[in-house]
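Student: below is the structure, and that's it, no one-letter string:
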């Protein structure tokens, strides 16, 4: 089934049917990574190793 329609993905006329969803998926995953890193940094407690005080 995929092999019979593979040629449509390579033509200029139907390239947007592959590129737009792939780009949107990439941006959603990238934003989720940035959001999770930001939340981790925001809620992470940092301690000074010498006297265990919060910085």
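Tutor: That came through, no problem. As the structure is a prediction and not an experimental result, all values here were calculated from the model. Residues are numbered from 1 along each chain as shown.

Student: mind giving me the packing neighbours of the biggest helix by length in the chain?
Tutor: With secondary structure taken from DSSP state H, the chain has its longest helix at helix 16-43. With contacts taken as 3 or more CB pairs under 8 Å, 6 or more residues apart in numbering; DSSP states H and E, helix 16-43 sits against helix 2-10. (Glycine included, C-beta is placed from N, CA and C.)

Student: shaky segments in the protein?
Tutor: Across the chain, the ranges flagged by pLDDT under 70 are 1-2, 8-10, 47-55.

Student: what's the neighbour count on residue 14?
Tutor: Number of residues near residue 14 (other CB atoms under 10 Å) recorded here: 13.

Student: for it, give its distance to residue 31.
Tutor: Using CB to CB, to the nearest Å, we find residue 14 at a distance of 27 Å from residue 31.

Student: could you do residue 13 as well?
Tutor: Distance, residue 13 to residue 31, by CB to CB: 30 Å.

Student: buried ones in stretch 20-37?
Tutor: Neighbour-count burial for stretch 20-37, with 16 or more other CB atoms under 10 Å as criterion, is recorded at no position.

Student: that one: how far from the chain's middle?
Tutor: Using CA atoms, centre = their mean, to the nearest Å, the mean C-alpha position of stretch 20-37 is found 3 Å from that of the whole chain.

Student: now swap in stretch 31-38 and tell me
Tutor: Its chain's average C-alpha position is 8 Å from that of stretch 31-38, according to CA atoms, centre = their mean.

Student: quick one: contacts of it?
Tutor: The contact list for stretch 31-38, computed with CB atoms under 8 Å, 6 or more residues apart in numbering, is empty.

Student: how about stretch 3-12?
Tutor: Contact with stretch 3-12 is made by 14, 15, 17, 18, as judged by CB under 8 Å, 6+ apart.

Student: for the residues you listed, give me JSON lines that also has distance to residue 3.
Tutor: Shown next, in JSON lines, are the contacts of stretch 3-12 (distance: CB to CB, whole Å):
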{"residue": "14", "distance to residue 3": "16"}
{"residue": "15", "distance to residue 3": "18"}
{"residue": "17", "distance to residue 3": "17"}
{"residue": "18", "distance to residue 3": "15"}
